[in-house]
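Participant: got a structure for you, letters missing:
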């Protein structure tokens, strides 16, 4: 019989809003065994986090908590929590080493009889040593140096590792991880999850893993709880949940997550006309620093083209320059080199006088749908704004057009009178799409349009995008950090790393057989909502790096110090883009020096 | 939510108290000099230094002038200077701040450095210089305050505009083809109002105090016109004999400043200036 560590029976949580009561958690009962990894999945607003906070007793004052039984073996102090946003958790004014050591000193080792006065004096020094050990455990390669830094000097992945180390410093028997990797890149996410798993196994710590992402849960959890509207609707082992779920809702969730990774069968017409061309686009941010000019290259020498009616996907981690590229395409910023061609005609940026007629052709949908709509204007006003700017027709005409557009994106006309703050994330994103379509554009630049949304809502938005493409013959430039999403909707994919296009080609081919080592790392980091597949997956050579920033030598390949296939030449020169039919790849593995002189009939295949 | 609700009720209470107080003071300041039938300037040797009575609520001063009328007349000048300078500084500050914040680059640099230059000289000096050249009246005090007063509001507007203009909805409007003036008017300024309005509210008591101080020192409003500052100054010579002559203008001045501060704090706590 397994030993129980956390035991919850009939937990209720109510929030009070100025006299009104709102039930957030209804009759939740579950338990966690010693050393067990339990996953909790559910959409946002399903009460996952509220349950975890109730367990740790850190809910705000206005919450009414009642339960029949709720205990943790060893008391509340034997549980620790890792939050979604590490930057909000760490104190920005204190070096991370000290933050970690404070925690260690607060949770001293169980004192043995041998502990003398002498040892107590050395507690700070020993805490420092212990801190280094903890950081190594969480996968930080140079703990001594990292501990002397401030949180803002670290990357998101490193910050999350520090938070994990702080949580471990409490010597918890239960670790609650609330969306621990949601804010991180796929590659980092995979590393952190692997670490979490190893730590749980080595230290025999139980983990309660909360996530909206079934892939994350599938990667770690042995047992899964599914939450909906404040209730646990289903409990079972990972295999049961993913393959033979009893509840309709669970099946829908799993289905949505699966579909996510599969290619859509949707057929849209792609014409041979080249609609849009980017030629050697570069962008530099220049900063003035004590009379010294310091410039960082966000995008370097990127070229690609879009056929009319096609969906082109751009993937890459945060900071790789995806959004900068999108901003150049829409003309918000002026490229520092290179040019943009639209139907063979050279276009200027908005600042340099892109004409109104040109503006109309390319529109954009933003990632952060909360920020993309003016909070002070109604949806009706937001949707009629493009028409107002263009000065066509009367106000009542705008209104009918706005209502028609709402219908097209699947919303009710009542929403016209509402403010963005009253809408859900999915609804806001539909409005964002509707606004972009008001001027009947030909090319839609979609900057991570679904990454802030729940899986089921993501699926709806993707379906909407596919339908709109079919109906209006739109061309999509689809930016995402999530390969699954891109693969689902795109015909061709480009992979951006450190501002450079490292590989591009047909979506299906690229997905099945990645050529560039970075693309392969991305593929392997992608989580699938299938525990069996996830378990079979081996570790990747490049993935062992402890969250290095990956910017290589000044002249070398930017990926060189993260790459598992690194060669001598990679550190000295930058590889150019080698072209094989419609596949392009920037890696020395495909150069003539490396693979030898080839005959004309030679068909290049993946070298990795 | 409980705490938030309490805070909201509290800020509403503060705001309401301030507004009611200010409204009362303003009404008195406007109506009393018109309807009292007594002049603020006419001297009457028979009525020197009287105490409070039904005919003279606040009594009379050493020249036999009715203090009730004089105090409210002074309040009127205070309000004129305070609200007038707020309006002018607000308007100038918003235009310059918005231009600097939105345009950025060299325009921003020039405008803001100009502001720094103007702001580097103490504003009292401007007021004194202007009262010396244009005569000591409410108008020149107002002008003097405004010379450097716009800088602070311009800085706040600039910072807010810089923040709002990078938000996605402003970029979206640009992509839709909207010009800078349209974006500023419909998107940036409505979302930047909150801090600007709060700072302008706090600007009024500052201006009122400057005027009262200058009049107290003797470089402000000239006799026989009355200002709260000059009333306090006049009463100082016989403070021991007739303390009430000093008490009334001080009381009214304090109430005026407190009411404006309450409004400012109430607005600030309410957070933003949301239409919803």
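Facilitator: Here it is on my side, so go on. Quantities reported herein were computed from a predicted structural model and do not represent experimental measurements. Numbering: from 1, shown residues only, chains lettered A, B, ... in the order given.
Participant: going by C-alpha atoms from here, please, whenever you check contacts or count neighbours.
Facilitator: OK.
Participant: ranges for the strands of the stretch 401-550 of chain A?
Facilitator: Using DSSP state E, counting those that start in this stretch, the strands of the stretch 401-550 of chain A run over residues A:443-447, A:475-480, A:492-497, A:500-506.
Participant: poorly predicted segments of the stretch 1-150 of chain B, please.
Facilitator: Low-confidence segments of the stretch 1-150 of chain B (pLDDT under 70): B:1-5.
Participant: all helices for it, in order.
Facilitator: For the stretch 1-150 of chain B, the helices defined by DSSP state H, counting those that start in this stretch cover B:2-35, B:67-103, B:105-120, B:123-134, B:138-165.
Participant: for the stretch 51-200 of chain A, same thing?
Facilitator: For the stretch 51-200 of chain A, the helices defined by DSSP H, counting those that start in this stretch occupy A:86-89, A:96-106, A:117-121, A:123-137, A:143-146, A:156-169, A:186-203.
Participant: closest one to residue B:14 among those?
Facilitator: Residue B:14 sits nearest to helix A:86-89 of all these, at 32.5 Å, using CA to CA.
Participant: okay, buried residues for that closest one please.
Facilitator: Judged by neighbour count (16 or more other CA atoms under 10 Å in any protein chain shown), helix A:86-89 contains these buried residues: A:86-87.
Participant: again with stretch A:271-281
Facilitator: For stretch A:271-281, the neighbour count (16+ other CA under 10 Å) marks A:274-281 as buried.
Participant: who's in contact with that stretch?
Facilitator: Outside of stretch A:271-281, the residues within contact range by CA atoms under 8 Å, 6 or more residues apart in numbering or on different chains are A:299-310, A:335-344.
Participant: re earlier: I'd like the strands of the stretch 401-550 of chain A as TSV, with mean neighbour count appended.
Facilitator: Below are the strands of the stretch 401-550 of chain A laid out as TSV (neighbours: other CA atoms under 10 Å in any protein chain shown):
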stretch	mean neighbour count
strand A:443-447	23
strand A:475-480	25
strand A:492-497	25
strand A:500-506	24
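Participant: got those as CSV, with distance to residue A:376 and mean pLDDT columns?
Facilitator: Below are these laid out as CSV (distance: least, CA to CA, whole Å; pLDDT from 0 to 100):
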stretch, distance to residue A:376, mean pLDDT
strand A:443-447, 23, 93
strand A:475-480, 28, 93
strand A:492-497, 36, 92
strand A:500-506, 38, 91
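Participant: mean pLDDT lowest for which of the helices of the stretch 51-200 of chain A?
Facilitator: Across these, helix A:117-121 has the smallest mean pLDDT, namely a mean of 61.
Participant: where does the residue of the stretch 451-600 of chain A found nearest chain B land on pLDDT?
Facilitator: For the stretch 451-600 of chain A and chain B, the shortest gap (CA to the nearest CA) falls at residue A:452, measuring 14.9 Å. Note on residue A:452: pLDDT of 79.
Participant: what's near enough to touch it?
Facilitator: When contacts are counted by CA under 8 Å, 6+ apart, residue A:452 touches A:367-368, A:425.
Participant: if we can go back for a sec, turn the buried residues of stretch A:271-281 into a markdown table, including secondary structure and pLDDT.
Facilitator: Converted to a markdown table, the buried residues of stretch A:271-281 look like this (DSSP: H, G, I helix; E, B strand; the rest coil; pLDDT from 0 to 100):
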| residue | secondary structure | pLDDT |
| --- | --- | --- |
| A:274 | strand | 89 |
| A:275 | strand | 91 |
| A:276 | strand | 92 |
| A:277 | strand | 91 |
| A:278 | strand | 92 |
| A:279 | strand | 91 |
| A:280 | strand | 91 |
| A:281 | strand | 92 |
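Participant: mind checking the end-to-end distance for stretch B:42-51?
Facilitator: 18 Å (CA to CA, to the nearest Å).
Participant: which positions in it come out as buried?
Facilitator: For stretch B:42-51, burial by neighbour count (16+ other CA under 10 Å) applies to B:43, B:47-50.
Participant: look at residue 141 and say how many residues are nearby.
Facilitator: If you meant another chain, say so; for now it's chain A. Under the neighbour criterion other CA atoms under 10 Å in any protein chain shown, residue A:141 is assigned a count of 16.
Participant: chain B, not that one
Facilitator: Count around residue B:141 with other CA under 10 Å applied: 29.
Participant: ok, residue B:176 - how many residues close by?
Facilitator: Residue B:176, neighbours per other CA under 10 Å, totals 26.
Participant: could you pick out the buried ones from the contacts of residue A:452?
Facilitator: Buried among the contacts of residue A:452 by 16+ other CA under 10 Å: A:367-368, A:425.
Participant: ok, the residues you listed vs residue B:250, which is closest?
Facilitator: Using CA to CA, those come closest to residue B:250 at residue A:368, 54.0 Å.
Participant: with distance to chain B added, can I get the helices of the stretch 51-200 of chain A in CSV?
Facilitator: Below are the helices of the stretch 51-200 of chain A laid out as CSV (distance: least, CA to the nearest CA, whole Å):
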stretch, distance to chain B
helix A:86-89, 20
helix A:96-106, 29
helix A:117-121, 43
helix A:123-137, 37
helix A:143-146, 32
helix A:156-169, 22
helix A:186-203, 25
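Participant: with respect to residue A:99, which of the helices of the stretch 1-150 of chain B lies nearest?
Facilitator: helix B:2-35 (29.8 Å).
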